[in-house]
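K.L.:
just to be clear, the model below is a prediction. Sequence and coordinates:
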Amino acid sequence: MDFISFLGDNLATFWTYTAFANITLGHVLMILVGLTFIYLAIAKEFEPMLLIPIGFGILIGNIPFKDAGLQLGIYEEGSVLNILYQGVTSGWYPPLIFLGIGAMTDFSALISNPKLMMIGAAAQFGIFGAYVLALAIGFEPNQAGAIGIIGGADGPTAIFLSSKLAPNLMGAIAISAYSYMALVPVIQPPIMRLLTSKKERVIRMKPPRVVSQTEKILFPIFGLLLTCFLVPSGLPLLGMLFFGNLLKESGVTRRLAETARGPLIDTITILLGVTVGASTQATQFLTWDSIKIFGLGALSFIIATTAGILFVKLFNLFLKKDNRINPLIGNSGVSAVPDSARISQVVGLEYDPTNYLLMHAMGPNVAGVIGSAVAAGILLGFLG
């Protein structure tokens, strides 16, 4: 009987350590969210490189356990997940992502038609619009700045800025930013069709001119000096973006460029996705603030898309007929590269199967990457 009692006590103690004994409704909800992310990534192919790591990270972060000093959770000092998460909280994953983005980005479309940069700038209204709305519903200025950056549709920038301004909201901001990046094919086309006429959708733009190698080499150098002299606080992101691009365009550092845009960015994407996902523990994540952030994120993304399209329509009033811009590329001012540019192409082909907008849309798309980093630097400069 003593042995049976001893065994029963051990089993009862063991049960208290299992996830079954510690699970809550919140954990179940977050696990369902993680499974939804994985489903969208696999079945719908919505940003699978991002949603699969984040979705699986959500599952990892919401396996409930008894807090017994075992150093399991991402918020427990010294745990493996906590150490990996320091790349997010300290803000050094995003600059490495930007290094890889720079090494894989071709700025030719922007160099050949510099006025497209203004579309990328116009789309940043989503950031500042969301900032004002966040202030209006009661968020503190630093929190509102971190929330507003969701409008740039740039996950690494959102993580970088929130790690500096509102670390306690980072999980909700990061998940919101990546969610809306993945939903670009769903959110943007209805707005594009609503705000443009059939006549505007079939505007043919002049083919971009050929850009010389010298121009490609000079662009990241002058781009760095111009943007970072203006907004020094954006240096970690902009510096790595332009450095990566110089590695690509110089022609003499091919191995470094291939490493930056291949193994390095893939490794950092995995670590960032999994740890950001794991940071969404139900006890930390399921709050009214998180719900508000998701709502503001949607509004900021809609504002950014709308501002880009309306800016093109306004700009066309001052351009000669043969120089007009197809407003369908206005959506690509957000920095979801290259998905938003691809959506410009897809919607354009619906109305004219011979009108290819992708190369034109890549101009404001890469300008949006620069613009969101500059906007983050501005917000960090006066809120940090």
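P.N.:
Noted; the coordinates are in hand.
K.L.:
if I look at residue 15, what pLDDT would I see?
P.N.:
Looking at residue 15, its pLDDT reads 82.
K.L.:
now do the contacts for it.
P.N.:
residue 21 (Cβ atoms under 8 Å, 6 or more residues apart in numbering). Every residue, glycine included, has its C-beta placed from N, CA and C.
K.L.:
tell me the contacts of residue 278?
P.N.:
Contacts of residue 278 (Cβ under 8 Å, 6+ apart): 57-58, 60-61, 74, 81, 85.
K.L.:
not counting sequence-adjacent ones, nearest residue to it?
P.N.:
residue 61 (3.5 Å; Cβ to Cβ, 6 or more residues apart in numbering).
K.L.:
in helices, which of the contacts of residue 278 appear?
P.N.:
Using DSSP state H, 57-58, 60-61, 81, 85 are the members of these that sit in helices.
K.L.:
what's the most distant pair in the residues you listed?
P.N.:
58 and 85 (13.8 Å; Cβ to Cβ).
K.L.:
those two: who's more crowded?
P.N.:
residue 58 (29 against 23; other Cβ atoms under 10 Å).
K.L.:
which residues touch the more buried one?
P.N.:
30-31, 33-34, 37, 277-278, 280.
K.L.:
nearest to residue 210, of these?
P.N.:
Residue 210 lies nearest to residue 37 out of these, by Cβ to Cβ, at 41.5 Å.
K.L.:
that closest one: neighbour count?
P.N.:
By other Cβ under 10 Å, 29 other residues sit near residue 37.
K.L.:
ok, and what's touching stretch 184-198?
P.N.:
Residues from elsewhere that reach stretch 184-198 (Cβ under 8 Å, 6+ apart): 46, 153, 180, 298, 301-302, 305-306, 309-310, 313, 327-328, 330-331, 334, 336, 339-340, 343-344, 346-347, 351.
K.L.:
mind checking how far residue 39 is from residue 277?
P.N.:
According to Cβ to Cβ, to the nearest Å, residue 39 and residue 277 sit 15 Å apart.
K.L.:
look at these two and report which has more neighbours.
P.N.:
Neighbour totals were compared for residue 39 and residue 277, and residue 277 leads with 30 against 13 (other Cβ under 10 Å).
K.L.:
leaving out sequence neighbours, find the closest residue to that one.
P.N.:
Residue 277 sits nearest to residue 57 (Cβ to Cβ, 6+ apart), 2.1 Å away.
K.L.:
what residues are up against the one you found?
P.N.:
Counting by Cβ under 8 Å, 6+ apart, residue 57 has contacts 34, 273-280.
K.L.:
I'd like the contacts of residue 58 laid out as a markdown table, including pLDDT.
P.N.:
Below are the contacts of residue 58 laid out as a markdown table (pLDDT from 0 to 100):
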| residue | pLDDT |
| --- | --- |
| 30 | 94 |
| 31 | 95 |
| 33 | 93 |
| 34 | 95 |
| 37 | 93 |
| 277 | 92 |
| 278 | 93 |
| 280 | 89 |
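K.L.:
re earlier: so how far is residue 46 from the residue nearest to residue 278?
P.N.:
Taking Cβ to Cβ, one finds residue 61 at 21 Å from residue 46.
K.L.:
tell me the buried residues in the helix or strand bottoming out on mean pLDDT in the chain?
P.N.:
The weakest-scoring helix or strand in the chain, judged by mean pLDDT, DSSP states H and E, is helix 2-17 (a mean of 79). Of all the residues in helix 2-17, not one is buried under the rule 16 or more other Cβ atoms under 10 Å.
K.L.:
contacts for the following helix or strand past it next, please.
P.N.:
Scanning forward in sequence from helix 2-17 by DSSP states H and E, the next helix or strand is helix 19-22. Contacts of helix 19-22 with the rest of the structure, by Cβ under 8 Å, 6+ apart, involve 15-16, 63-66.
K.L.:
redo that, cut-off 7 Å
P.N.:
Residues from elsewhere that reach helix 19-22 (Cβ atoms under 7 Å, 6 or more residues apart in numbering): 15, 63-66.
K.L.:
so how far is residue 366 from residue 256?
P.N.:
Using Cβ to Cβ, residue 256 is found at 20 Å from residue 366.
K.L.:
of those two, who's got more company?
P.N.:
More neighbours surround residue 366 than the other of residue 256 and residue 366, with 29 against 18 (other Cβ under 10 Å).
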